[in-house]
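In: Fold the following for me, if possible:
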Amino acid sequence: MASENSDKNTTVLTRLIHNGILIPSAPEHRGLVLAVRGQAVPLAPKQEEMALAWAKKQGTEYVEDGVFVRNFMQDFSAALGIKPPLAPDEVDFGPAYAIVEAERAARAARGEAERKAPAAARTAARAARRFDGLVDIELQVGQQPTPLSRRSARPEPR
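Out: Numbering: from 1, shown residues only. Model prediction:
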């Protein structure tokens with residue numbers, strides 16, 4: 001519920017219902033093994049996620065940015081527990097590149113209906129959690145509510 005303060009022409013929020021945040025599921029662990037300084041290193045889930053993120057960045061301006069590369073390699077080295085920090089040429093990201101390329105090829109091979117199905121499922125899930133309880137107005141996260149002075153435009157309460 002909200003009430004209007006007539007002297008300032010502002011709206012004061014008196015009730016907000018929050019149904020919690022949406023946390024994405026963790027990516028599946030694939031058991032990726034990379035060659036680091038000539039040694040085969042099996043990756044933990046966090047390390048694997050970082051390696052796949054690096055592989056997805058290939059071909060972008062990020063891998064040309066020296067600061068980004070240095071920061072990533074410092075963080076990746078710390079996650080692996082390796083000192084001094086690795087250089088990009090000391091790690092064979094080949095298996096990670098292969099996984100990313102296979103995912104891209106599989107995505108490209110899908111038909112239009114298959115590509116649109118996940119988006120439709122996300123839209124349906126978003127619609128299911130859209131009602132936020134703010135003065136019985138439906139809002140998506142990040143949208144600003146309409147002024148409460150236009151009460152005739154309000155949707156009917158559920």
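
In: CA atoms for contacts and neighbours, from now on please.
Out: Noted.

In: Gly35 reaches Asp92, doesn't it?
Out: No, residue 35 isn't Gly; it's Ala. Yes - with contact defined as Cα atoms under 8 Å, Ala35 counts as touching Asp92 (5.2 Å).

In: Low-confidence ranges, this protein, go.
Out: Residue ranges of the chain with pLDDT under 70: 1-13, 16-20, 129-158.

In: one more time with 80
Out: For the chain, the stretches with pLDDT under 80 are 1-24, 125-158.

In: For it, which segments count as helices?
Out: For the chain, helices defined by DSSP state H occupy the ranges 45-57, 66-80, 94-109, 112-128.

In: Would you mind finding the most buried of the ones you listed?
Out: Mean neighbour count (mean count of other Cα atoms under 10 Å) peaks for helix 45-57 among the helices of the chain, with a mean of 18.

In: So which elements touch it?
Out: Applying 3 or more Cα pairs under 8 Å, 6 or more residues apart in numbering; DSSP states H and E, one finds that helix 45-57 makes contact with helix 66-80, helix 94-109.

In: Go through the ones you listed and name the closest to Ser25.
Out: Closest approach to Ser25 among those is made by helix 94-109 (18.2 Å; Cα to Cα).

In: Can you name the residues in contact with the closest one?
Out: For helix 94-109, the external contacting residues (Cα atoms under 8 Å, 6 or more residues apart in numbering) are 32-34, 51-52, 55-56, 115.

In: Let's see that with 6 Å instead.
Out: With contacts defined as Cα atoms under 6 Å, 6 or more residues apart in numbering, helix 94-109 is touched by 52, 55.

In: so that helix versus helix 45-57, what angle?
Out: For helix 94-109 against helix 45-57, the angle between stretch directions is 60 degrees (axes from the mean of the first three to the mean of the last three Cα atoms, to 10 degrees).
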